[in-house]
Structure formats: structure tokens, C-alpha cells
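>>> just a sequence and a predicted model for now, questions to come.
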Amino acid sequence: MIWIPLRAAAFILGLALFAVTLASAIRTFVLPRNATDWLTRSVFLAIRSIFDLRLRGATTYAQRDRIMAFYAPVTVLALLPTWLILVWIAYAGMFGGRR
């Protein structure tokens, strides 16, 4: 008997995660104006912390500029697997909750 509410909760949480992930992708790539999104911001900050580790060894502006030239492209490419993994987790929750 207790499994029915747990399955319903898993389905609802999976559906909510899917909606949040889809909204993040739409806000980031489709929306023609600036809209802040916490998921996209989190990925950008995580990648920035990795780039900051590499910037510690840079002593000149040219070195820093060469390193930071890759920041935006790498982060945009990192968004795609992040969204994919979250959608997989969301569908797993929805699939597990429907049985």
C-alpha cells in the first residue's frame, strides 16, 4: 500500500524535473531576450570555477585571454549533456512511478 504514494511522488518529481529542464533549455536558446535561469547559471559557475583553476598559472593578460576564449563555447557545450542527464533522470522517475 505504501508503494502507491511513493510511485506517485516519483512520477510527479520526474515530471517536475523534466519541466524545469525543458524551461531552462527554452530560456537559454529560444527566448530572444535575456532571462536568467538558475540551472544555466549553475553550469556556467561550475565551469568558471574549473577555468579559474587554470587561470592561476596565467601571468599576462594575453595568457588569460587565450584561456578565457574557450570559456563560453565549452560552457554552452556542457549545457547539452547536463540537460540530457537531467531528462534521463526525469524520465526514469516517471517510468518508475507509472508501474
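Everything's here; your move. As the structure is a prediction and not an experimental result, all values here were calculated from the model. Residues are numbered from 1 along each chain as shown.
>>> secondary structure element holding the most centrally placed residue in the chain?
Using C-alpha atoms, centre = their mean, the residue of the chain that lies closest to the mean C-alpha position is residue 82, 4.3 Å off. Here residue 82 is covered by helix 71-98, with elements defined by DSSP states H and E.
>>> apart from its neighbours in sequence, what residue is nearest the residue nearest to the centre of the chain?
residue 43 (5.4 Å; C-beta to C-beta, 6 or more residues apart in numbering). (Glycine included, C-beta is placed from N, CA and C.)
>>> which helix or strand contains that neighbour?
With DSSP H and E as the test, residue 43 turns up in helix 38-55.
>>> show me the shaky parts of this protein.
1-2, 99 (pLDDT under 70).
>>> ok, back up a step: got the angle between the helix holding residue 82 and helix 38-55?
140 degrees (axes from the mean of the first three to the mean of the last three C-alpha atoms, to 10 degrees).
>>> quick check: residue 82 vs residue 33, distance?
22 Å (C-beta to C-beta, to the nearest Å).
>>> about what we covered before: just how off-centre is the helix holding residue 82 within its chain?
From the chain centre to the centre of helix 71-98 is a distance of 7 Å (C-alpha atoms, centre = their mean, to the nearest Å).
>>> which other helices and strands contact it?
helix 3-25, helix 38-55 (3 or more C-beta pairs under 8 Å, 6 or more residues apart in numbering; DSSP states H and E).
>>> just the buried positions in that helix, please.
Buried positions in helix 71-98, judged by neighbour count with 16 or more other C-beta atoms under 10 Å: 71, 75, 79, 82-83, 86-87, 90, 93-94, 97.
>>> those into TSV, with extra columns for distance to residue 23?
TSV is the format used below for the buried residues of helix 71-98 (distance: C-beta to C-beta, whole Å):
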residue	distance to residue 23
71	24
75	19
79	13
82	14
83	11
86	11
87	12
90	12
93	17
94	17
97	21
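>>> coming back round to it: and the angle for the helix holding residue 82 with helix 3-25?
160 degrees.
>>> how far off centre is the helix holding residue 43?
The answer for helix 38-55 is 11 Å, by C-alpha atoms, centre = their mean.
>>> contacts for it, please.
20-21, 24, 27-28, 64, 67-68, 70-71, 74-75, 78-79, 82, 86 (C-beta atoms under 8 Å, 6 or more residues apart in numbering).
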